[in-house]
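Visitor: Sequence and predicted structure are below.
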Amino acid sequence: MNRGVSASATGGGSARRLRVLTLFTLFLTFDLVIFGAFTRLTDSGLGCPDWPGCYGSASPVGAQLHIEAAQSAMPTGPVTPLKAWIEMIHRYLATGVGVLILTLALVTWLARREQQRADKPSEPEHILSVWWPVATLVWVCLQGAFGALTVTMKLFPAIVTMHLLGGMVLLTLLRVQSVRHAQV
């Protein structure tokens, strides 16, 4: 049984764009998980100890005085300019992935509408499902919440583990979608 999106079902261009967007999102999500591990291994998870910014700023540049004060108070502590940048780059990547997943859900919904408006009905296995991208969007929102908890609960091990497992689930959701789009 073919469960993919055929070029004739959604229009050749939109099916291809949807597949490319899904693969690009999957690639960046994989990079995000790897960078999250790097963040943890470099002990940078509290490089900016508040969330979503860094001492109330959008970047470590605006928080430079706070970072210097924290580093002076605890020279070997978790706050240094490098660690702040590593932590914020992880957050910027996560925001980018969230925006891509929102875009993926919108593009899928629009392609589904286009498919439903087509004159000839699609075979059931070629009907584009919006369930996967919507589930992925909900999941990435939960991941954002776990990211916030990771920081606000000062790297509590159970929360850090749940955040990592959530990243693996996110990768799986995106991979399933990419496979479904590839099956023509």
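Guide: That came through fine. Bear in mind the structure is a predicted one, so any value in this text is a computation, not a measurement.
Visitor: Wait, Gly166 touches Phe146, no?
Guide: Yes: using Cβ atoms under 8 Å, Gly166 makes contact with Phe146 at a distance of 5.4 Å. C-beta here means a position set from N, CA and C on the backbone, and glycine is covered the same way.
Visitor: From the centroid of the chain, which residue is nearest?
Guide: The chain has Val97 as the residue nearest its centroid, 3.5 Å off, counting by Cα atoms, centre = their mean.
Visitor: and after the longest helix along the chain, which helix or strand comes next?
Guide: The residue-count maximum for a helix in the chain (DSSP state H) belongs to helix 81-117. Later in the chain than helix 81-117, the nearest helix or strand by DSSP states H and E is helix 131-152.
Visitor: which residues touch that following helix?
Guide: 45-46, 48-52, 91, 94, 97-98, 101-102, 104-105, 108-109, 156, 159-160, 162-163, 166-167, 169-170, 173-174, 176-177, 180 (Cβ atoms under 8 Å, 6 or more residues apart in numbering).
Visitor: can you rerun that using 7 Å?
Guide: 45-46, 49, 51, 94, 97-98, 101-102, 104-105, 108, 159-160, 162-163, 166-167, 169-170, 173-174, 176-177, 180 (Cβ atoms under 7 Å, 6 or more residues apart in numbering).
Visitor: Any quick PyMOL command for the buried ones out of the residues you listed?
Guide: To isolate the buried members of the contacts of helix 131-152 in PyMOL, using 16 or more other Cβ atoms under 10 Å:
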select buried, resi 45+46+49+94+97+98+101+104+105+108+159+160+162+163+166+167+170+173+174+176+177+180
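Visitor: Could you give the number of residues near Ala58?
Guide: The number of residues packed around Ala58, counting by other Cβ atoms under 10 Å, is 13.
Visitor: Distance of it relative to Thr95?
Guide: 11 Å (Cβ to Cβ, to the nearest Å).
Visitor: repeat for Leu65
Guide: 24 Å.
Visitor: Between the two, point out the one with more neighbours.
Guide: Thr95 (14 against 10).
Visitor: next helix or strand past the worst-scoring helix or strand of the chain on mean pLDDT?
Guide: When the helices and strands of the chain are scored by mean pLDDT, DSSP states H and E, helix 7-10 comes last with a mean of 46. Beyond helix 7-10 on the C-terminal side, the first helix or strand identified by DSSP H and E is helix 12-41.
Visitor: Leaving out the residues flanking it, which one is nearest to Cys54?
Guide: Excluding the flanking residues, the one nearest Cys54 by Cβ to Cβ, 6 or more residues apart in numbering is Cys48, at 3.5 Å.
Visitor: Would you verify that that neighbour is located in a helix?
Guide: No: going by DSSP: H, G, I helix; E, B strand; the rest coil, the assignment for Cys48 is coil, not a helix.
Visitor: From what I see, it and Ile86 are in contact.
Guide: No: contact criterion Cβ atoms under 7 Å: Cys48 and Ile86 do not qualify, at 9.5 Å.
Visitor: Thank you kindly, that will do.
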